[in-house]
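Student: Whatever this is, show me its structure:
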Amino acid sequence: MDASTLIPAQADLPALKQAAAGCTACELYAPATQTVFGTGNPTAKVLLVGEQPGDVEDQRGLPFVGPAGKLLQRAVAEAGFGQGAVYVTNAVKHFRFELRGKRRIHQTPQPEHIRACTPWVGAEIAAVHPEVVVCLGATAVKALLGARYRVTKDRGELLKYTGPSAEPTMKALITIHPSAILRMPDDAREKGYADLVADLAVAARAVA
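Tutor: Got it, this is the predicted structure:
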């Protein structure tokens, strides 16, 4: 099944979310609790794209509500965005995990999972029509910008956005995923967080 066949023409975000709930474009839908669609300001100038929902997000049906999401919310505020100024979503809409006992352990999405979900992310970008698309981590970079770019090499710079639903004036910005900061050693975490805030501030200034 191709997800693009489920997407209504010129759909708004509520219609897209309803359609995505029935997506079976890859096998991840079967063990996941639900499709986790994007949320936030439907006319945001900045749209943030992460990797995939985690365990908490899968259960609650909302992106970025777990520990990494709380860190991101704080970083967005410190970067200069007003409350409710952004739209957040993920490159992959279902939680990919491995069961270890009763625990569900995060597994990185594979290229086929990214490809299956790309029509949904493109439709979200078309509906929101942001000025800047922020890629949080390597999976989002692969999904939206391709293999040419790397987080470590290209982060914090305004680039031309050439991904799904691109328009001539759209920009992209690459930064680290907040979950990577949580995995850093204690003595590196403060700088990792400060660098994330600095990257996001570039996007905030671009749309101010």
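
Student: Hmm, V132 and A172 touching each other?
Tutor: Yes - counting by Cβ atoms under 8 Å, A172 does reach V132; the two are 7.1 Å apart. C-beta coordinates here come from the backbone N, C-alpha and C atoms, glycine included.

Student: what is in contact with those two at once?
Tutor: By Cβ atoms under 8 Å, 6 or more residues apart in numbering, A172 and V132 have these common neighbours: 158, 161.

Student: I figured T108 hits T139, correct?
Tutor: Yes - contact status for T108 versus T139: in contact at 7.0 Å, counting by Cβ under 8 Å.

Student: And the two? Which one has more around it.
Tutor: A direct count of neighbours by other Cβ atoms under 10 Å for T108 and T139 places T139 higher, at 23 against 12.

Student: Check for me that the more buried one belongs to a helix.
Tutor: Yes - T139 forms part of a helix when assessed by DSSP: H, G, I helix; E, B strand; the rest coil.

Student: hey, what's in contact with both of T108 and T139?
Tutor: Shared contacts of T108 and T139, defined by Cβ under 8 Å, 6+ apart, comprise E51.

Student: how near is the nearest residue to E98 once chain neighbours are set aside to Q10?
Tutor: Nearest residue to E98 in three dimensions, chain neighbours excluded: I105, at 4.9 Å (Cβ to Cβ, 6 or more residues apart in numbering). When distance is defined by Cβ to Cβ, to the nearest Å, I105 is 39 Å away from Q10.

Student: Excluding its own residues, what touches the helix of greatest length in the chain? List them.
Tutor: Determined from DSSP state H, the single longest helix within the chain is helix 186-207. For helix 186-207, contacts defined as Cβ under 8 Å, 6+ apart pick out 45-46, 71, 75-76, 78-81, 131-132, 134, 155-158, 171, 173-176, 178, 180-182, 184.

Student: Send me stretch 5-24 as CSV with only the CA atoms.
Tutor: Output in CSV follows, covering the C-alpha atoms of stretch 5-24 (Å, rounded to 0.1, in the frame of the first residue of the first chain):
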residue,chain,number,x,y,z
THR,A,5,-3.3,7.0,-2.0
LEU,A,6,-4.8,7.8,1.4
ILE,A,7,-4.0,11.5,1.3
PRO,A,8,-7.1,13.7,0.4
ALA,A,9,-6.4,16.4,-2.2
GLN,A,10,-5.7,19.8,-0.6
ALA,A,11,-6.4,18.4,2.8
ASP,A,12,-6.1,20.4,6.0
LEU,A,13,-4.3,19.0,9.1
PRO,A,14,-7.4,17.5,10.8
ALA,A,15,-8.3,15.6,7.6
LEU,A,16,-4.7,14.4,7.2
LYS,A,17,-4.6,13.2,10.8
GLN,A,18,-7.8,11.3,10.3
ALA,A,19,-6.6,9.7,7.1
ALA,A,20,-3.2,8.8,8.6
ALA,A,21,-4.9,6.9,11.4
GLY,A,22,-5.6,4.1,8.9
CYS,A,23,-2.2,3.9,7.3
THR,A,24,-0.7,0.4,6.7
